[in-house]
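A.B. asks: Below is the sequence, then the predicted model.
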Amino acid sequence: KHNIPQDAFVFGMHQRDDPHIFHPVCLSAFSALPQDNSYMVIMGGSNLYREFAKDLPPAKQKKIIFVDFCSDALEIHNFLDSIDVYAHSRLDGEVCSAAIIEGMSYGKPVVSCPGQNNGHEEQIKECGFFCNTIEDYTKALHLLSTDNDAYKKSCAKTQLKYNNIYSFSSVKEKIKTMINNTI
């Protein structure tokens, strides 16, 4: 759809259009990757991401794709299904991120960084990468895009965590247990 080669490795995230949550860490880390067959796709997000990308090396600019924000669940899920890694950055961080959970539902490894709130650190603990520096974020992206075993292990851990904690059936069972314990 966006002329990304079939064999490309795709990092991506989706975010609402809000300049107050703009945090270019994902783009900075992506731009520091060695030149390879990887792409970054951002669905929605503030125009500040587009402005920031204009200052990156031209070879990297060509591999960053911006997709207009869409609130249609099918479009969001098609987007999430098409990426390989959920590359998250948000200035205010997250308390309990629905966007990250949506990515996890597809078994997508998550790479993120600190924000003002850091509930997402707990969300991706033991299955994703919570990076305190751009260098660490870049290393995580590089590892996932070049080491197939590490990528597959991270996918499996992510899917397991999603199934055990965030899936509808898991949440339903927890609520039933809580109600039964209350009664």
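C.D. replies: Nice, thanks for sending it over. These numbers come from a predicted model, not from an experiment. Numbers count the residues shown, from 1 in each chain.

A.B. asks: What pLDDT does the model give the nearest residue to E135 once chain neighbours are set aside?
C.D. replies: Ranked by CB to CB, 6 or more residues apart in numbering and with sequence neighbours excluded, the top spatial neighbour of E135 is A32, at 7.7 Å. The way it works is simple: take the backbone N, C-alpha and C, and place the C-beta from them, glycine included. With respect to pLDDT, A32 scores 96.

A.B. asks: how close does A32 sit to L80?
C.D. replies: Distance of A32 to L80, given as CB to CB, to the nearest Å: 24 Å.

A.B. asks: Repeat that for V25.
C.D. replies: 20 Å.

A.B. asks: pretty sure the residue nearest to E135 is touching T138, no?
C.D. replies: Yes. If you go by CB atoms under 8 Å, A32 and T138 touch, sitting 4.4 Å apart.

A.B. asks: Of these two, which one has the most company?
C.D. replies: T138 (20 against 17; other CB atoms under 10 Å).

A.B. asks: if I pick the more buried one, what's in contact with it?
C.D. replies: 29-30, 32-33 (CB atoms under 8 Å, 6 or more residues apart in numbering).

A.B. asks: With C131 as the reference, measure out to N180.
C.D. replies: 40 Å.

A.B. asks: Using CSV, list the CA coordinates for the strand or helix carrying F11.
C.D. replies: Using DSSP states H and E, F11 maps to strand 9-15. In CSV, the C-alpha atoms belonging to strand 9-15 read as follows (Å, rounded to 0.1, in the frame of the first residue of the first chain):
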residue,chain,number,x,y,z
PHE,A,9,11.2,-4.9,8.6
VAL,A,10,8.6,-2.4,9.7
PHE,A,11,8.6,-0.4,13.0
GLY,A,12,5.4,1.5,13.7
MET,A,13,3.1,3.2,16.2
HIS,A,14,-0.2,5.0,16.2
GLN,A,15,-1.0,8.0,18.3
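
A.B. asks: and it, which strands flank it?
C.D. replies: Strand 9-15 pairs in its sheet with strand 38-44 (parallel), strand 85-87 (parallel), by DSSP bridges.
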